[in-house]
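# I need the structure of the sequence given here:
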Amino acid sequence: MIDVPPHIREQILRELRKIDPNLPHLHIDSQAARHGAIALMGTLGEAWGLRPDGSFWKFDDEFDMPLTSLEPEREIQALVWGCERFSWLSELLPPRPTNAKECIPCEGTGWLIPSNVVMVNARGFICEQCQGLGWRDSALDGHASVGRKWWQLWKRPQR
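Model (predicted):
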């Protein structure tokens, strides 16, 4: 859970009011709205949402995944995904400390692309090392995977 400033809380509520109730039942936005959240990310079998109170949730009606709290170590990733849909959420991301180092696996982009996959209208996958921020800071290391070498098999996005 994060602290959501009043103006962001109001923006989330505005987005919820925009959801068309006639959307198909399994549409990501209608699923999230039924849970009082805006949809930040959706994939086969799981969607992530943010409520105006700052709580993060995961759900998927199509696969009968019940509404459950998103793991705290995924909250930064959820916000990064959410910024792809709602740029105003970027205000909720942690600010980059002056002593932070550029993330090596993603070369500071926050994203990884498999070398054997053509990505169409997609950024790739969020870098697990930096949680999509593009930088590393020891204060956030509890929110990142440590010691993984799988990223060495991936090409980096073009800058």
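# would you mind splitting the chain into its domains for me?
6-92, 94-159 (automatic domain parsing).
# what about the most centrally placed residue in the chain, which SS state?
Centroid-nearest residue in the chain: residue 78, 2.2 Å away (criterion: CA atoms, centre = their mean). State at residue 78, reduced to three classes by DSSP: H, G, I helix; E, B strand; the rest coil: helix.
# related to what we said a few turns ago, any idea which of the domains of the chain is most buried?
Among the domains of the chain, ranked by average contacts under mean count of other CB atoms under 10 Å, first place goes to domain 6-92 (a mean of 17). The C-beta positions use only the backbone N, C-alpha and C, and glycine is treated the same way.
# ok now stretch 63-72, how far from the chain's centre?
Distance of stretch 63-72 from the chain centroid (CA atoms, centre = their mean, to the nearest Å) equals 14 Å.
# can I get that stretch in PDB, CA atoms only?
C-alpha atoms of stretch 63-72 as PDB (Å, rounded to 0.1, in the frame of the first residue of the first chain):
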ATOM      1  CA  PHE A  63      -9.600 -17.700 -14.800                       C
ATOM      2  CA  ASP A  64     -11.500 -17.500 -11.500                       C
ATOM      3  CA  MET A  65      -8.600 -15.900  -9.700                       C
ATOM      4  CA  PRO A  66     -10.100 -14.400  -6.600                       C
ATOM      5  CA  LEU A  67      -9.300 -10.800  -5.500                       C
ATOM      6  CA  THR A  68      -6.100 -10.900  -3.400                       C
ATOM      7  CA  SER A  69      -3.600  -8.300  -2.300                       C
ATOM      8  CA  LEU A  70      -0.700  -7.900  -4.600                       C
ATOM      9  CA  GLU A  71       2.600  -8.900  -3.100                       C
ATOM     10  CA  PRO A  72       4.400  -5.800  -1.700                       C
END
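# and the contacts of it?
Residues outside stretch 63-72 that contact it (CB atoms under 8 Å, 6 or more residues apart in numbering): 35, 45-46, 48, 55-59, 78, 143.
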